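**Student:** Below are the sequence and a predicted model for it; my questions follow.
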Amino acid sequence: MRDMDCTKVVMKLLDTEQEEPITNEFATLFFSSMAVEYTNKVHLLEKGVIEPLVTLLSSPDPDVQKNAIEAINLLLHDYQSRSQVRQFEGIGPILDMAKSEYPAIQQLALEALAKVTQDIENRDALRELDALDLLIKFLGNKDWQDQHVNALLVLSNLLLDPETVDQLAESGGLNKFYELLTGEDVTPEVKVHACIAIARSAKNEDNRRVMHEQELEKVLITLLTEGDDAQVKASAAKALGQLAESMTCKNFIGRNEGISPLLSQIRSNNEELRESASLCLANLTASNQYNCNEVYEKNGMDPLINLLSDSREACQANAATALTNLAWALTVVSSLAVPMQSKSNIVQSRAAMCLASFCYDADARRELRESGAIEHLVKMLASGNDEARRNACWAVAVAAADIETTAELCRAGAVTHLLQINQSSIRRSNFSELALERVLDTYLPGKYAYTGHLGVNNIIGNLFYDAGALKMCSELDNLENLYNRQVDDKREVLLINPHQSESAKEETNGAVSAMSNVEDPSRKKGATKSNNQGSRGNTKQGSKKDAEKPADGAKTESQEESQEVNDGPTFVAPEDHNLENIMKQVKSEVTVLSNTKDQVRALAKIVSDKMGGQVSREDMINFPFKLHIAKLKTDLKTNVIPIGLIKQGTYYHRALLFKALADRIMLPVTLDRGAYNRAWNVISLMDEIPPGGPKYPPKNYLVDLIHEPGEIHELDTQKATAYQRL
């Protein structure tokens, strides 16, 4: 029919002045039938059919009106047709048809108005025609109750504009609208759409202000407490949650008993109601201490925790958000394991953020370790969703506040994941960089292996080990595995683990002692190995202890007690009696010096003497440290060598020993690794200031431990550069 160009022929038949409207009736019926298909809609709009149809809306014949409004209603899916209706002054006639005595015409007119009001210009035109009063009266007419839902759809669009809400409040129409929510003879469907209209309007801050002035929150709270219709309650909770975006509304809801009904609804069997109520609670508890207290005092923590394992992912996400806001009240770390395994990125993201809020507390971190949630958290680091991955990085950064939790994170592969993330230009973020920094600051063996640097705040404690430089894509093995590995020709693993007598422990500085006495993951009871590995490990350990007896003596009491208490195989790292003696010497000879520079020089000479003395640059090529290290590895039957046993050490041996000793007497030095077995220490020192002279910032000096032991060279000078490179 489009090809035959019937549209023009039918349009010529339209005539509002015909005495017999039968032609108009069938002509409009033709257009309404044609407008069902999308391709026909485009064709009709191109032929300009809107204008004659708008003209026929005022026809006295109800059949013509019905067909004309039906055709227009079908054509209003396009924004151009909506503007044409306004252009040809069709909004007024459509509004009048909403008062028609014929239900079919009423319905079509209201449906058309709902589409027309999607454009802001059309909403302005309707306000000028006093459409608000008409709609409010329409909603108050019980005879038209079957059309109230359609009228609410129109009003919902109109209420998007603050001008409409202000006008409705000034005329008192808003109160009549609220009465619609609480009327006993109002159908649940009407109440649901009324709440939807409020929720849509409440997205605007100005609208929330006006609604609060009318105390709309009380009406919605009433809907939550009365009746049994779950859909009505869910819609009321959504509207209340939208209002809760405003701090003023948030306070009003909390102080007018709005928390209790919401806590009741999150226990509902209706999924949609649980989702809406939990979302409302998440909004109410955001940055609001009073509402958080209300939830806690009304025993709301348990139902929120139970909601973390809800079958609906949105409920899990909302509960995690609410619990994040309530992080001060209770630890719920173990319950977060379920949502962290969710397939939903939103749920995982919220769960990780909630976990980060709790992990500031030491008890929460202990619960995190015991619950096994660390494994799920580390897996989230590999998420393809940016938000979930960033929140997981933040949770790792917060959790890595103690060595026990950091050890568990490292076991689960956190360092590997974070290194991979930070190597990617797309996935790397400030959160991933912070997480890696926090983990490595607590896990110093990993930090030195990957970055080649320990700062003045990185205090080397007991059970620190240096396994050499590692690439970012490599994984650092734990001390037990390194100790039990067969002796090979690779670089030795240096161990810092001095034996400490009771008197030495009492005299050690508190901060250093706290770090030194923390149990490394290597000390914990490991998993049972195969029979062959177990027998080899036991024999090996026994032979190692025999080899160490000349240097370290018999077993310590702590080792014997450890073997008596534990039935299974337990790895205990060898204690270094030689290092303990060196520390005693440092304490007696270095700490008594009052000048920092003198302390540095004295300590450097002690380290040099213990590691083979002064060696000139020319003699370094013949310095037999490799032969000495190989002999130690053979005697000890392991690649792990306590640093106190080394009598001929090169740059990296001396630099590590210097840093370990300096940390014990609180000298602020760094440890840096270079290429070709180079390593050095840097310390910041102030130049001597003559009386009344100017003060300058401290300078960084490199400490010479091998060529001119005790000498310090300012960084970037020729001597310092020669020490750092071949």
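**Tutor:** Good, I have the coordinates. Residues are numbered from 1 along each chain as shown.

**Student:** can you list contacts of stretch 231-249?
**Tutor:** 188, 191-192, 195-196, 198-199, 202-203, 205, 208-209, 211-212, 216-217, 220-221, 223-224, 227, 250, 253, 258, 262, 265, 268, 270, 272-273, 275-277, 279-280, 282-284, 287-288 (Cβ atoms under 8 Å, 6 or more residues apart in numbering). Any C-beta I mention is one placed from the backbone N, CA and C, and that applies to glycine too.

**Student:** buried residues in the longest strand anywhere in the chain?
**Tutor:** For the chain, the strand with the greatest residue count under DSSP state E is strand 679-685. For strand 679-685, the neighbour count (16 or more other Cβ atoms under 10 Å) marks 679, 680, 681, 682, 683, 685 as buried.

**Student:** who's in contact with the residue lying closest to the fifth one once chain neighbours are set aside?
**Tutor:** The spatial neighbour of residue 683 that comes closest, neighbours along the chain excluded (Cβ to Cβ, 6 or more residues apart in numbering), is residue 669 at 4.7 Å. By Cβ under 8 Å, 6+ apart, the contact set of residue 669 is 456, 600, 658, 659, 662, 663, 681, 682, 683, 703.

**Student:** packing partners for the host helix or strand of the third one?
**Tutor:** To tie it back to what came earlier, the one meant is residue 658. Residue 658 belongs to helix 651-664 when assigned by DSSP states H and E. Judged by 3 or more Cβ pairs under 8 Å, 6 or more residues apart in numbering; DSSP states H and E, helix 651-664 is in contact with strand 464-466, strand 493-496, helix 577-589, helix 596-610, strand 669-673, strand 679-685.

**Student:** Ok, which of these comes nearest residue 635?
**Tutor:** For these, proximity to residue 635 was assessed by Cβ to Cβ; helix 577-589 is nearest, at 14.1 Å.

**Student:** Now do the closest one: distance to the chain's middle.
**Tutor:** Counting by Cα atoms, centre = their mean, to the nearest Å, helix 577-589 is centred 47 Å from the centre of its parent chain.

**Student:** what's the answer for stretch 108-118, then?
**Tutor:** Per Cα atoms, centre = their mean, the centroid offset for stretch 108-118 relative to its chain is 43 Å.

**Student:** got the buried residues for that stretch?
**Tutor:** Across stretch 108-118, burial judged by 16+ other Cβ under 10 Å covers 108, 109, 110, 111, 112, 113, 114, 115, 116, 117.

**Student:** ok, now which ones touch the most centrally placed residue in the chain?
**Tutor:** Closest to where the C-alpha atoms of the chain average out (Cα atoms, centre = their mean) is residue 391, at 1.8 Å. Going by Cβ under 8 Å, 6+ apart, residue 391 touches 348, 349, 350, 352, 353, 356, 380, 431.

**Student:** For the residues you listed, could you give me JSON lines that also reports pLDDT and secondary structure?
**Tutor:** Output for these, formatted as JSON lines (pLDDT from 0 to 100; DSSP: H, G, I helix; E, B strand; the rest coil):
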{"residue": "348", "pLDDT": "89", "secondary structure": "helix"}
{"residue": "349", "pLDDT": "90", "secondary structure": "helix"}
{"residue": "350", "pLDDT": "87", "secondary structure": "helix"}
{"residue": "352", "pLDDT": "90", "secondary structure": "helix"}
{"residue": "353", "pLDDT": "88", "secondary structure": "helix"}
{"residue": "356", "pLDDT": "88", "secondary structure": "helix"}
{"residue": "380", "pLDDT": "93", "secondary structure": "helix"}
{"residue": "431", "pLDDT": "94", "secondary structure": "helix"}
